[in-house]
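Novice: predicted model, plus sequence, below.
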Amino acid sequence: MNFQSRHFLEQHIADTLHFYAPRAVDPEGGFFHYFLDDGTVYNTTHRHLVSATRFVFNGAMAKRHSGLDAVTDWARHGIAHLEAFRRSDGLYAWTVDHGQIEDATVMAYGQAFVLLAQAHAFSVGCATRQDVEAAFARMNDAFFSAVDGAYADEITPDGRLLDYRGQNANMHMCEACLAAYEFTGEVRYLDRAEVLIERFAFDLADTAGGLVWEHYQADWSIDWDYNKNNPGNIFKPWGFQTGHQTEWAKLLMMAHQHRPQNRWVDRAVHLQREAYRHGWDAQHGGLIYGFAPDRSPCDTDKYFWVQAESFASAWRLWRHTGEAEFLKQYQALWHWSWLHMVDHQYGAWFRILGADGRKLENTKSPAGKVDYHTMGACWDVLAVGGLDD
């Protein structure tokens with residue numbers, strides 16, 4: 001396959017969307033969120049905020065770039081259903097079941113994706129500028145500390161702000177702010193993205209040996225032990241996450257497009273190189289999930305999103321620097337993913353494989369997946385350009 005072909009990427013996006021459309025749409029509202037490998041919906045009533053918002057992203061991106069009839073109304077359909085998650089204080093609950101809030105916890109990670117969804121919905125006429133502003137303001141009021149230059153992480157259903165602090169929600173808030181800036185042109189969103197970049201990709205990363213660590217105490221001192229016995233946690237994994245190094249590299253390059261700073265490019269190059277140095281599986285291929293503070297592997301499973309985000313960042317770095325190592329990374333990631341991660345029988349990507357590429361489960365898309373990372377990475381490469389026809 002010519003992985004540098006525009007036609008290849010567009011066709012792969014279409015094939016992935018075909019897995020979800022039309023079976024993903026719940027005519028009674030929103031989308032189904034749980035799919036087996038063959039597309040069977042294995043839970044028809046449960047909804048997760050991350051899946052709900054990512055379906056909006058997928059729909060808006062497809063409408064802007066793909067024009068596929070089967071998904072052109074996804075953004076509008078998805079934005080309308082987000083109301084099912086809204087609490088009385090305007091913040092969004094973590095999960096819904098049978099149309100009622102199940103887990104009223106307010107996660108900064110989820111609120112960041114609400115902003116991302118509103119920004120993308122605005123770009124296709126399914127939300128207003130005020131909707132974007134409100135999502136940003138809610139997140140600001142609930143979680144942001146100007147002194148820390150960062151967002152806290154979790155508010156319990158009874159209103160207590162927990163002491164845990166993490167980078168993951170802040171990284172996706174940076175992503176959401178960049179999208180809000182791109183679509184509205186309002187500089188405050190880019191300013192906030194810059195605050196988060198400086199705090200996490202520089203200040204805090206420098207305290208962790210130049211890489212982005214996941215977990216912190218309330219005073220933003222590093223917590224080296226949080227979830228150490230649970231390294232495969234979906235939203236709060238232990239260790240240096242290979243894919244989060246490259247995801248920050250991608251965000252740094254995106255921000256550089258809007259506000260050029262060579263030090264951002266230099267840090268993106270550093271994060272990408274270190275992710276490959278410690279994360280590439282020389283025996284089996286592909287990038288592992290995470291490595292420990294001493295840089296030894298701590299989770300050698302292969303996750304779909306790690307490969308996808310990393311080929312997107314590699315392409316951005318290749319197009320900007322012209323350094324062949326990044327093109328080789330892009331090709332190697334696609335080659336391994338095409339052989340192992342992409343489901344050529346039913347479509348979309350498997351979520352997780354063993355180190356040697358063996359299947360570990362038959363759930364194609366549990367809560368949070370919906371191939372937002374894989375299609376998003378393809379759309380990002382298309383946006384950067386420099387592809388063959």
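Specialist: The structure has been received and is ready for your questions. Numbers count the residues shown, from 1 in each chain.

Novice: who's in contact with residue 94?
Specialist: 48-49, 103-107, 110 (Cβ atoms under 8 Å, 6 or more residues apart in numbering). (C-beta placed from N, C-alpha, C; glycine too.)

Novice: then residue 276?
Specialist: Listed by Cβ under 8 Å, 6+ apart, the contact set of residue 276 reads 287, 329.

Novice: again, but for residue 267
Specialist: The neighbourhood of residue 267, defined by Cβ under 8 Å, 6+ apart, consists of 201-202, 205, 249, 252.

Novice: buried ones among the contacts of residue 94?
Specialist: 48-49, 104-107, 110 (16 or more other Cβ atoms under 10 Å).

Novice: nearest to residue 68, of the residues you listed?
Specialist: Proximity to residue 68 was ranked across the buried ones among the contacts of residue 94 by Cβ to Cβ; first place goes to residue 48, at 24.2 Å.

Novice: surely that closest one and residue 95 touch.
Specialist: Yes: taking Cβ atoms under 8 Å as the definition, residue 48 is a contact partner of residue 95 at 5.5 Å.

Novice: touching both of these two, which residues are there?
Specialist: residue 367.

Novice: got a winner among the contacts of residue 267 for most neighbours?
Specialist: Ranked by neighbour count under the definition other Cβ atoms under 10 Å, the contacts of residue 267 are headed by residue 249 with 31 neighbours.

Novice: separation between it and residue 171?
Specialist: 11 Å (Cβ to Cβ, to the nearest Å).

Novice: circling back to that earlier point, as JSON lines, the contacts of residue 94 with secondary structure and distance to residue 87 would be great.
Specialist: What follows is these, written out as JSON lines (DSSP: H, G, I helix; E, B strand; the rest coil; distance: Cβ to Cβ, whole Å):
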{"residue": "48", "secondary structure": "strand", "distance to residue 87": "16"}
{"residue": "49", "secondary structure": "helix", "distance to residue 87": "11"}
{"residue": "103", "secondary structure": "strand", "distance to residue 87": "11"}
{"residue": "104", "secondary structure": "coil", "distance to residue 87": "6"}
{"residue": "105", "secondary structure": "coil", "distance to residue 87": "10"}
{"residue": "106", "secondary structure": "strand", "distance to residue 87": "7"}
{"residue": "107", "secondary structure": "strand", "distance to residue 87": "12"}
{"residue": "110", "secondary structure": "helix", "distance to residue 87": "11"}
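
Novice: relative to residue 72, how far out is residue 107?
Specialist: The gap separating residue 107 from residue 72 is 30 Å, by Cβ to Cβ.

Novice: using CSV, write out the CA atom coordinates for stretch 271-289.
Specialist: Once non-C-alpha atoms are left out, stretch 271-289 reads as follows in CSV (Å, rounded to 0.1, in the frame of the first residue of the first chain):
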residue,chain,number,x,y,z
LEU,A,271,9.6,13.9,22.5
GLN,A,272,9.1,12.0,19.2
ARG,A,273,12.6,10.7,19.2
GLU,A,274,12.5,9.6,22.8
ALA,A,275,9.1,7.9,22.3
TYR,A,276,10.7,5.8,19.5
ARG,A,277,13.9,5.2,21.4
HIS,A,278,12.1,3.7,24.3
GLY,A,279,8.8,2.7,22.8
TRP,A,280,9.5,0.9,19.5
ASP,A,281,9.4,-2.9,19.8
ALA,A,282,12.5,-4.0,17.9
GLN,A,283,11.4,-7.6,18.0
HIS,A,284,7.8,-7.4,16.9
GLY,A,285,7.4,-3.9,15.6
GLY,A,286,4.9,-1.3,16.7
LEU,A,287,5.0,1.1,19.7
ILE,A,288,4.4,-0.3,23.2
TYR,A,289,1.9,1.4,25.5
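
Novice: go through it and flag the buried ones.
Specialist: Applying a neighbour-count criterion of 16+ other Cβ under 10 Å, one finds 271-276, 278-281, 284-289 buried in stretch 271-289.

Novice: in strands, which of those appear?
Specialist: Counted as lying in strands by DSSP state E, out of the buried residues of stretch 271-289, is not a single one.

Novice: in helices, which of the residues you listed appear?
Specialist: Those of the buried residues of stretch 271-289 mapping onto helices are 271-276, 278-279, per DSSP state H.

Novice: got those as JSON lines, with distance to residue 231 columns?
Specialist: Putting those into JSON lines (distance: Cβ to Cβ, whole Å) gives the following:
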{"residue": "271", "distance to residue 231": "20"}
{"residue": "272", "distance to residue 231": "22"}
{"residue": "273", "distance to residue 231": "23"}
{"residue": "274", "distance to residue 231": "19"}
{"residue": "275", "distance to residue 231": "17"}
{"residue": "276", "distance to residue 231": "20"}
{"residue": "278", "distance to residue 231": "15"}
{"residue": "279", "distance to residue 231": "14"}
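
Novice: and residue 16, how close does it get to residue 278?
Specialist: In this structure, residue 16 and residue 278 are separated by 29 Å, where distance is defined by Cβ to Cβ.

Novice: hey, where'd the strands end up in the stretch 51-200 of the chain?
Specialist: Secondary structure of the stretch 51-200 of the chain (DSSP state E, counting those that start in this stretch): strands at 95-97, 100-103, 106-107, 144-145, 150-151, 154-155, 165-166.

Novice: so what strands line up beside the fourth one?
Specialist: It stands for strand 144-145. Each strand that strand 144-145 pairs with, and the sense of that pairing, follows from DSSP bridges: strand 150-151 (antiparallel).
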